[in-house]
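> When you get a sec, could you give me coordinates for this:
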Amino acid sequence: MPRYEYRCRSCAATFELSRPMSASAAPATCPEGHADTVKLLSTVSVAGTATSPPPSAGAGGGGGCCGGGCCG
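Purely as a prediction, here's the structure:
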């Protein structure tokens, strides 16, 4: 279930709620009980590593003009 971040306009507290996407725009009450909140725009961070193509990809050995022997 997605998590959404909200900020309370009354006490400036920031909090998160897990709720279905269909309820993301529904009003949220802060942990202090204030109803004047706003949903914050969150960014998604994806971490990983880049991988190189296999050594045989595009390194001579057939196919293409200069990889097959038509260049001379």
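
> pLDDT averaged over stretch 9-26 - what is it?
For stretch 9-26, the mean per-residue pLDDT is 93.

> Which positions in that stretch come out as buried?
Within stretch 9-26, the residues that count as buried by 16 or more other Cβ atoms under 10 Å are 15, 17. C-beta: built from backbone N, CA, C; applies to glycine.

> what's in contact with stretch 29-37?
Contact partners of stretch 29-37, identified using Cβ atoms under 8 Å, 6 or more residues apart in numbering, comprise 6-11, 13, 15, 27-28.

> got JSON lines for the residues you listed, with secondary structure too?
Output for the contacts of stretch 29-37, formatted as JSON lines (DSSP: H, G, I helix; E, B strand; the rest coil):
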{"residue": "Y6", "secondary structure": "strand"}
{"residue": "R7", "secondary structure": "strand"}
{"residue": "C8", "secondary structure": "strand"}
{"residue": "R9", "secondary structure": "coil"}
{"residue": "S10", "secondary structure": "coil"}
{"residue": "C11", "secondary structure": "coil"}
{"residue": "A13", "secondary structure": "coil"}
{"residue": "F15", "secondary structure": "strand"}
{"residue": "P27", "secondary structure": "coil"}
{"residue": "A28", "secondary structure": "coil"}
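
> Any chance of a markdown table for these, columns distance to L41?
Below are the contacts of stretch 29-37 laid out as a markdown table (distance: Cβ to Cβ, whole Å):
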| residue | distance to L41 |
| --- | --- |
| Y6 | 11 |
| R7 | 11 |
| C8 | 16 |
| R9 | 16 |
| S10 | 20 |
| C11 | 20 |
| A13 | 17 |
| F15 | 15 |
| P27 | 17 |
| A28 | 15 |
